[in-house]
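A.B. asks: sequence unknown, structure follows:
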DNA sequence: TATATTTGTTTAATCGATTAACCAAAAGTA
DNA sequence: TACTTTTGGTTAATCGATTAAACAAATATA
């Protein structure tokens, strides 16, 4: 009903004091008497006073907003990251503005502009697959606000990064498959230009070499890692004269697509071909056979990214550098590889 | 590097004109000469000017932000709703602040406070399961900003609602199961106090009556509809002397839990028991057997909720009433019921 | 020519909260 | 008593963009 929201001034006139006094009273300033504070808070409650964030943010030069850019909130990984990030940031008085890039470079640029426009105090991002041009991210830095990357990062930006050890994770997977007796292991990897996927590929190559296994070009495939492309790429692998006896897919979604095709073609998993995914999305444990995968510790990633941001708060000059926080990953062995 | 962002004043001093002229030039005011406009825009670009949203929002009394409250962004349903909502609202110059209640009433109240504090121009929400006390939602209304509910709504608030026909959906499901020859159909439903789940229950009861099927208390179960509770409740159903030959579960997640148990106990689906879920989450088509479900048209729900909000923009007095937009749902028949 | 209108811009107030600087009254101190 | 300090405020400027009102100069109209 009330069109006008109550302001400091309304409280001030009720009590016959200045708005400055009211402001200080609400912020528990030492120079305001207990009596006045009580009275102010009382009236504030009665009038259902809601401080105007825009005004205080404008004056203080801090919006207390943190911008978040993710490819999609859809996956369990990102929604779990968000949840934990929110917990840490809310406690410190920050709110999160979530934006989705949908893996589109253009949308990501729009998102960055929007967030800067909203005067966020910092940006936490996981980059879209498409993103190669870093100029928009440079814009964030030149605005003097902290930028923290997680999962999909980029060394060249020289900012903080939180993620897992992708290179090492590939090693773990190959070790596991070798232990299960595999001799010919394929890898459906992501785009090489994306650092995390490149690291997984390097890990795959080095681990294969270490075990003196065949390292054929036809066994190493670059993919967009969608469910659809997972289907497509496994079909290509199945046409090979010398079929692999195991496939390591760099994303659970693509691994799921691969599994669908294998089941449709009546190829026994894990008997004929063993399958490993990446990310430990909940569905990996729900499908038949359940899919072996890598747990990325999403909750800690969210928490750490948030805490890293908070480390920059109140610093009047933000001086960032390439600072990597690498978490250990964990192999969850399931039916698809045992 | 630049600590200070460029402001209207910076542009004004460069050109030796007033900030008012600059502001008007950037907003294409008719009273500013083409020459000046060009010069201003030129300098603005050179100085990498970013308008300060806080300042303009404060002055104009509109933040151009819309608050969104969802139980979780996690499910495909909500993330799809968000995506389409965003598309409509971005086009109209609005940005979305997404908050998650995690099904907690307390968190939801916090979220409402936060959004009001951020001076959002409207709130679009799907209520938490726990929410019974509507006073915080009343607070939104008394602040004079539009409130649009979707999926999980509540008639008593007398605001706009976008959702599907839950009552009718239950009928469709029962029709389908009857057509498959089922004679004893159980329903694992949600909390009765939540309107949508109550409607599904009413639909179930009426449809069962219509077909003269047994309507036993033991066949109608109230559940939190999590995966875990789905497991728990199906186990209860399996202990019955007279087992059902079909189970209609009011959520895909709980249906999945039920399916897991049935498979573990080696009960053939659909041969011994037919299973139907609700929501058409992507995994329903991925598990074995694939789960029959109801498509809720999430994209249209997002779009319509956003458009409904936009209908209130620029109205200086927001006068809302119970205005329901009910979409037709669609049964997707899959292996679990055929 | 004298007056009215249009054009292009400036001035100054405003949104609401915060805060540096100032001040009067009360209390303390030598 | 005379001076200092503390207490509890007030005043006024400020954040940056917008806008109603004012105004000078240019142009049109009678």
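C.D. replies: Nice, thanks for sending it over. It should be emphasised that the depicted structure is a prediction, and the values quoted were computed from it without experimental measurement.
A.B. asks: wait, residue A:328 touches residue A:165, no?
C.D. replies: Yes: with contact defined as C-beta atoms under 8 Å, residue A:328 reaches residue A:165; the gap is 6.3 Å. The C-beta positions use only the backbone N, C-alpha and C, and glycine is treated the same way.
A.B. asks: who has more neighbours, the two?
C.D. replies: Neighbour tally, residue A:328 and residue A:165, criterion other C-beta atoms under 10 Å in any protein chain shown: the higher count belongs to residue A:165, 16 against 11.
A.B. asks: tell me the contacts of the more buried one?
C.D. replies: A:326, A:327, A:328, A:329 (C-beta atoms under 8 Å, 6 or more residues apart in numbering or on different chains).
A.B. asks: which ones among those lie within strands?
C.D. replies: Assignment to strands by DSSP state E places the following of the contacts of residue A:165 there: A:326, A:327.
A.B. asks: just the buried residues out of the contacts of residue A:165, in ChimeraX syntax.
C.D. replies: For the buried members of those, the matching ChimeraX selection, counting by 16 or more other C-beta atoms under 10 Å in any protein chain shown, is:
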select /A:329
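A.B. asks: make CSV out of the contacts of residue A:165 and add distance to chain B and pLDDT.
C.D. replies: Shown next, in CSV, are the contacts of residue A:165 (distance: C-beta to the nearest C-beta, whole Å; pLDDT from 0 to 100):
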residue, distance to chain B, pLDDT
A:326, 26, 95
A:327, 21, 95
A:328, 25, 94
A:329, 22, 95
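A.B. asks: tell me the one of the contacts of residue A:165 nearest residue A:215?
C.D. replies: residue A:329 (23.0 Å; C-beta to C-beta).
A.B. asks: low pLDDT regions in the stretch 1-150 of chain A?
C.D. replies: Within the stretch 1-150 of chain A, the ranges that satisfy pLDDT under 70 run A:1-3.
A.B. asks: ok, 50 please
C.D. replies: Along the stretch 1-150 of chain A, segments meeting pLDDT under 50 span A:1-2.
A.B. asks: got the residues of it near DNA strand D?
C.D. replies: A:17-21, A:24, A:31-33, A:35-36, A:55, A:58-59, A:61 (C-beta under 7 Å from any atom of the strand).
A.B. asks: so which of those residues are also by DNA strand C?
C.D. replies: A:19, A:20, A:24, A:55, A:58, A:59.
A.B. asks: and the residues you listed, which are buried?
C.D. replies: So, by 16+ other C-beta under 10 Å, the buried ones in these are A:24, A:55, A:58.
A.B. asks: surely residue A:77 is within a helix?
C.D. replies: Yes: per DSSP: H, G, I helix; E, B strand; the rest coil, residue A:77 lies within a helix segment.
A.B. asks: was I right to think it contacts residue A:296?
C.D. replies: Yes: with contact defined as C-beta under 8 Å, residue A:77 reaches residue A:296; the gap is 6.2 Å.
A.B. asks: shared neighbours, the two?
C.D. replies: A:151, A:279.
A.B. asks: pLDDT (mean, whole number) over stretch A:157-170?
C.D. replies: The average pLDDT within stretch A:157-170 is 96.
A.B. asks: measure how far that stretch is from the centre of its chain, please.
C.D. replies: 12 Å (C-alpha atoms, centre = their mean, to the nearest Å).
A.B. asks: show the backbone phi and psi for residue A:70.
C.D. replies: phi -130, psi 160 (degrees, to the nearest 10).
A.B. asks: leaving out sequence neighbours, find the closest residue to it.
C.D. replies: Excluding the flanking residues, the one nearest residue A:70 by C-beta to C-beta, 6 or more residues apart in numbering or on different chains is residue A:78, at 4.8 Å.
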